[in-house]
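>>> Show me the folded form of this:
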Amino acid sequence: MRLLFGSRSSDSPWIDAVWTCASDRVTEMTSVASPTWGLVFWAQRGEYFAAVTGPESRCGNAPVPEGASFVGIQFAVGTSLRAVAAPSLVDGGILLPDVTGRGFRLDGGRWETPGPDDAEALVGRLVRDGTVLRDPLVTELLRGGRPPGTDRTLERRFRASTGLTQGAVRQIGRARAAAARLASGEAASEVVGGLGFYDEPHLARALRRYVGRTARQLQGSAGGAIALDLTVQRTTS
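Predicted coordinates:
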């Protein structure tokens, strides 16, 4: 039993990653915390579905529909939907209406359902229509810039755009990076130093909160199906 999960990066500044997923007799997976929102499309037994997924502030368990195949677009931090306030999506999502194998409805418009190679074209159309927006202040803050304004004002605007605090976005990103490095065989002590954790207990707490795995489980490919591209297929235990 396994979860066949893969992802790729994108040349689009609006997209963080494009992912695909299919299950082989897996009914549940660990959903890893994510600082980004997304669009996900799936087919199951001849029926088609689509949803807006929100940022996830911590890991959790999620059901895997039997025999379903997925295509997902994770948007870059700082992007948002015109019609939905980002904070309302955190740890949740919205099931979209009127979905077929050819199209779906979002923000009053009808859009073509994408395959894994069509994500950039779809996002380009959403951006040109104004359905997907970007706050450049968020990008500047994440790059270490210091836009005008008080810390409180900047934090409020960051959270309004992303649904999360700056600290949460950075912590989730660091935990996901740590998981990938541990899964590739890197020692926990090297991950601690390389990613700026205080010590191994600090790393362990971050993994438990945001990834749902211990360092040993990640290094040994154990712990069950997980919604995170660790560069190799994982077999459920």
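>>> what residue ranges in this protein score low on pLDDT?
Residue ranges of the chain with pLDDT under 70: 1-2, 230-237.
>>> And the helices in it, which stretches?
Per DSSP state H, the chain carries helices over the ranges 119-129, 136-142, 151-162, 166-183, 188-195, 200-210, 215-219.
>>> okay if I get those helices as TSV plus mean neighbour count and distance to Asp91?
Any C-beta I mention is one placed from the backbone N, CA and C, and that applies to glycine too. Shown next, in TSV, are the helices of the chain (neighbours: other CB atoms under 10 Å; distance: least, CB to CB, whole Å):
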stretch	mean neighbour count	distance to Asp91
helix 119-129	17	23
helix 136-142	17	19
helix 151-162	16	13
helix 166-183	19	12
helix 188-195	16	24
helix 200-210	17	13
helix 215-219	20	23
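>>> Can you say which of the ones you listed is nearest to Phe75?
helix 119-129 (7.7 Å; CB to CB).
>>> got a list of what Ile226 touches?
Contact partners of Ile226, counting by CB atoms under 8 Å, 6 or more residues apart in numbering, are Leu3, Phe5, Met29, Thr30, Val32, Val211, Gly212, Arg213, Arg234.
>>> hmm, try it at 6 Å
Ile226 sits next to Thr30 when contact means CB atoms under 6 Å, 6 or more residues apart in numbering.
>>> same deal with Asp16?
Neighbouring residues of Asp16 by CB under 6 Å, 6+ apart: Thr36, Gln74, Ala76.
>>> middle-most residue in this protein, spatially?
Among the residues of the chain, Ser34 comes closest to the average C-alpha position under CA atoms, centre = their mean, at 4.4 Å.
>>> Please verify my assumption that it contacts Glu56.
Yes. With contact defined as CB atoms under 6 Å, Ser34 counts as touching Glu56 (4.8 Å).
>>> hang on, the earlier thing: quick one: contacts for the residue nearest to the centre of the chain?
Pro55, Glu56.
>>> So it versus Arg208, what's the distance?
As judged by CB to CB, to the nearest Å, Ser34 and Arg208 stand 16 Å apart.
>>> which strand is the longest one in this structure?
Counting residues, the longest strand found in the chain (DSSP state E) is strand 15-24.
>>> Quick check: buried residues in that strand?
Ile15, Asp16, Ala17, Val18, Trp19, Thr20, Cys21, Ala22, Ser23 (16 or more other CB atoms under 10 Å).
>>> Can I get those residues in CSV including distance to Pro97?
Output for these, formatted as CSV (distance: CB to CB, whole Å):
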residue, distance to Pro97
Ile15, 24
Asp16, 26
Ala17, 26
Val18, 23
Trp19, 23
Thr20, 24
Cys21, 23
Ala22, 25
Ser23, 25
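>>> Which of these sits closest to Ala187?
Ala17 (26.2 Å).
>>> Quick check: the closest one touching Gln74?
Yes. In this structure, Ala17 is within contact of Gln74 by CB under 6 Å, at 4.7 Å.
>>> Which residue is the nearest non-sequential neighbour of Gly149?
Arg157 (7.6 Å; CB to CB, 6 or more residues apart in numbering).
>>> My error: substitute Thr100 in the last question.
That would be Tyr48: by CB to CB, 6+ apart, it lies 5.5 Å from Thr100.
>>> Check Gly196 too.
In this structure, Gly196 finds its nearest non-sequential neighbour in Arg174, 7.2 Å apart by CB to CB, 6+ apart.
>>> now Asn61
Per CB to CB, 6+ apart, closest to Asn61 is Glu28, 5.7 Å.
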